[in-house]
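>>> Predicted structure and sequence below. I'll ask about it afterward.
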Amino acid sequence: MSERDARIERLLLGQEIADFLYHEAELLDQRRYRDWLDLLAEDVRYWMPMRRNVKIGEDEREFTSAGTDINWFDEGKETLARRVKQIETGIHWAEEPRSRLSHLITNVQVRAAEPSVAAPQDVSVTCRFLIYRNRVETETDILVGKREDLLRRNGAGWLLARRKIILDQNVLLTKNLTFFI
Amino acid sequence: MAMKGSRGYRSGLVDLQAGEISREIFVNEDIYAEEQERIFARAWLHVGHESQIPKPGDYFVSSMGEESVILCRDRASRIHVFLNSCRHRGMKVCRYDEGTAAVFTCPYHGWSFGTDGRLVGVPYFREAYHSRLDKEKWGLIEVAQLANYKGSIWATWDPAAPSFTEYLGGFTRYLDLQLDGWDGREAQAEVLCGVQKWLVPCNWKFPAENFSGDTYHNISHRSVDLAGIGPSGAGRRDMGERDVSRKLHVCIPDRGHQTILYVLPAERLPPPAYMNAPIVAEYFRHCEEEKRRRRGEEARLVGAPGEIFPNTALLSRQPRTMAGWHPRGPHQTECWRWYFVDRDAPGEVKQFLRDYYIRYSGPAGMTEQDDMENWNYAHAASRGTIARRHPYNYDQGSGTAVTDYEYQGLSVPGEVIDLTEVQSSEQPMRNFYRRWAEFMEAGDWSQLATWRGSERKAAE
């Protein structure tokens, strides 16, 4: 493959992955939660650690650990599906009336493609998010941070297999996390 | 600063005869300012757990009322709680959440303090202070009293406050359910790594009264019951004991502590739980047997939400957590949540419980989310001029508490209402606000230790 062809492959993959992330954000903002669940691998891990203020050089302690520590989220598809079910009851008062959400996804960068960019099966991608939530009358939250995702090839499309959500906050400045990030 | 004269809290704003409490105590900024002096500067407050600072030099930055404090273990392994503020010009001497330190050095002018609080370093001590600064006098400000109760650390700024166990009164029995082992051994709890902290736009007393034992807010959590997040795959808790026990409200009069409590029949172990996880189910089955063997009839007590006055919530059963409701102005509360397991429980058990805890509690917890919506908008809708003219109703079950409750040979002291048939009462809230009003009116601890006369008489 020529250098030019290799660059085109990378561009095409980058655009395909970005399109997937934008589509996912669109489903969430349109409240199409069942369609969103279909984008998740059966063994998906959805993890949002808490962040601590630590000294320089102690970065490994900045985030709470997956699997053992208390986190904001650390769960699989079953619990995520139960969250969707809870919203659908119509009596989940923290989301009834429902929030108005916009997920802004930027800085999309493909970090790795295995086994190759030309025939990828697993893709690691990072991005920034800005989530605007407005609910009831004037209640407004803005959450900004990073995501580290692992996507897995699924036929012509992709599934989300792993998501690490890094919120740029210490004390959580919003009263609850009733939405998906 | 001289405190303002009595506002007539007991006769006016908190009218327990009529079962009415003014909305002013939740939204009024002057009352909030008085609370900081009269309650948070005098009461015993929960600070943390010794498992968070296992080694000399370890620290955890905590909160007492509005203020930042450092819980730390000095080089001799003694535990201290200090105000997190330099004695020279007030800068926070520690802005990390937790860690290990030899000294706390102020980033402003460089005064440094040992983990025992002593002032150990002063730039230009010889030149600028001519070696005359009395370092003994200018150490970190330390709490007046500190208590380590079965590993949980409590402190008060008031040297005249009674000992922590006297402050608890008969409530030690329910704090024990939180801190003792599932198998009945004493002081087995450890805190899972990671304390959740989040802001809720409501007065701190909304969560405090809710965790005092609100048995009336079933509608709030119906959605999570339908979604089914319980450890056995349905509902939100394994509560087999609910079907076979007496369900009580237990209030410690004069102390302001109260809890929901289940009491099993004699000879009865709790029904099976954790049915989808055989290792966890077997572990707890074994623990319950051991507890019955070690504790006898006392093992018939099963914990539930409760509150230690003023701002510490207990939940010793499912999920096993403690919370602090830190005031951040009259209209905002910073909630902190600690999660507990037994320290020598198997790894599978700890992980299973952790998964359950975080899908239940905290800001992402499918149960607690709906509580915060209530507290937020109850507070917001009580701030208006017209709203403030109309008190809240706290009349549920007034006059029905007994003081000699016993069930199949097990005595439960305190003011008790058996909820098994009546379902709900507001005795815990009345107990909480009665104590709140006493704190707001009393000049000092000689007036607050209202039990001393009567308990002495009873002992005689």
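Yep, that arrived. Residues are numbered from 1 along each chain as shown, chains lettered A, B, ... in the order given.
>>> Just confirm B:Arg354 is within a helix.
Yes: under DSSP: H, G, I helix; E, B strand; the rest coil, B:Arg354 sits within a helix.
>>> In this model A:Ile70 seems to touch it, though I could be wrong.
Yes: B:Arg354 is within contact range of A:Ile70, at 6.7 Å (criterion: C-beta atoms under 8 Å). Using the backbone N, CA and C atoms, a C-beta is placed for each residue, glycine as well.
>>> now the helix or strand that contains B:Phe113: mean pLDDT?
Following DSSP states H and E, one finds B:Phe113 within strand B:112-114. In this model, strand B:112-114 has a mean pLDDT of 98.
>>> still on that earlier bit, between B:Arg354 and A:Ile70, what contacts are shared?
Counting by C-beta atoms under 8 Å, 6 or more residues apart in numbering or on different chains, the shared contacts of B:Arg354 and A:Ile70 are B:Leu192, B:Tyr339.
>>> From what I see, B:Met429 and B:Ser212 are in contact.
Yes: B:Met429 sits in contact with B:Ser212 when judged by C-beta under 8 Å, with a separation of 5.8 Å.
>>> Which residue of chain B lies farthest from its centroid?
Note on chain B: the largest C-alpha distance from the chain mean falls to B:Glu127, namely 48.1 Å (C-alpha atoms, centre = their mean).
>>> Can you report phi and psi for it?
Dihedral pair for B:Glu127: phi -80, psi -60, per degrees, to the nearest 10.
>>> coming back round to it: same for the strand holding B:Phe113, what does it pack against?
strand B:103-105, strand B:119-121 (3 or more C-beta pairs under 8 Å, 6 or more residues apart in numbering or on different chains; DSSP states H and E).
>>> Turn those strands into a markdown table, including distance to chain A, mean neighbour count and mean pLDDT.
Putting these into a markdown table (distance: least, C-beta to the nearest C-beta, whole Å; neighbours: other C-beta atoms under 10 Å in any protein chain shown; pLDDT from 0 to 100) gives the following:
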| stretch | distance to chain A | mean neighbour count | mean pLDDT |
| --- | --- | --- | --- |
| strand B:103-105 | 12 | 18 | 98 |
| strand B:119-121 | 18 | 17 | 98 |
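>>> Out of these, the one nearest B:Trp138 is which?
strand B:119-121 (4.8 Å; C-beta to C-beta).
>>> after the closest one, next one along is what?
Using DSSP H and E, the first helix or strand after strand B:119-121 is strand B:145-149.
>>> Looking at that following strand now, give me its mean pLDDT.
98.
>>> Just checking: what are the partner strands of it?
When pairing is defined by DSSP bridges, strand B:145-149 lines up against strand B:152-156 (antiparallel).
>>> For the strand it pairs with, buried residues please.
Residues of strand B:152-156 classed as buried: B:Ser152, B:Ile153, B:Trp154, B:Ala155, B:Thr156 (neighbour count, 16 or more other C-beta atoms under 10 Å in any protein chain shown).
>>> of those residues, closest to chain A?
B:Ser152 (17.3 Å; C-beta to the nearest C-beta).
>>> my guess is B:Met372 meets A:Asn176, correct?
Yes: judged on C-beta under 8 Å, B:Met372 makes contact with A:Asn176 at a distance of 5.2 Å.
>>> Near chain B, which residues of chain A are found?
Contacts of chain A with chain B, taken as C-beta under 8 Å from any C-beta of the partner chain, map to A:48, A:50, A:52-55, A:58, A:61, A:64-65, A:67-75, A:79, A:82-83, A:85-86, A:89, A:91-94, A:136, A:139, A:170-178.
>>> List buried residues within the residues you listed.
A:48, A:50, A:52, A:54, A:61, A:64, A:69-75, A:79, A:82-83, A:85-86, A:91-94, A:139, A:172, A:174-178.
>>> ranges for the strands of the stretch 301-450 of chain B?
With strands called from DSSP state E, counting those that start in this stretch, the stretch 301-450 of chain B shows them at B:301-308, B:312-315, B:321-327, B:333-342, B:392-393, B:405-407, B:410-412, B:415-418.
>>> which phi and psi does A:Phe129 have?
phi -130, psi 150.
>>> how about it, what does it touch?
Counting by C-beta under 8 Å, 6+ apart, A:Phe129 has contacts A:His103, A:Leu104, A:Ile105, A:Thr106, A:Leu143, A:Val144, A:Gly145, A:Lys146, A:Arg147, A:Ile181.
>>> Kindly report the same for B:Phe113.
B:Phe113 neighbours (C-beta under 8 Å, 6+ apart): B:Phe82, B:Val93, B:Val103, B:Phe104, B:Thr105, B:Cys106, B:Leu119, B:Val120, B:Gly139, B:Leu140.
>>> switch the cut-off to 10 Å
When contacts are counted by C-beta atoms under 10 Å, 6 or more residues apart in numbering or on different chains, B:Phe113 touches B:70, B:82, B:86-87, B:93-94, B:101, B:103-106, B:119-121, B:135, B:138-140.
>>> what's the answer for A:Asp141, then?
A:99, A:101, A:131-135, A:172-177, A:179.
>>> Go again with 6 Å.
By C-beta atoms under 6 Å, 6 or more residues apart in numbering or on different chains, the residues touching A:Asp141 are A:Arg133, A:Thr174.
>>> related to what we said a few turns ago, mutual contacts of B:Met429 and B:Ser212, please.
With C-beta under 6 Å, 6+ apart as the test, B:Met429 and B:Ser212 reach no residue in common.
>>> So which of the buried ones among the residues of chain A next to chain B are in helices?
Among those, the ones falling in helices (DSSP state H) are A:Thr79, A:Arg82, A:Arg83, A:Lys85, A:Gln86.
>>> got these as CSV, with pLDDT columns?
Shown next, in CSV, are those (pLDDT from 0 to 100):
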residue, pLDDT
A:Thr79, 97
A:Arg82, 97
A:Arg83, 98
A:Lys85, 97
A:Gln86, 98
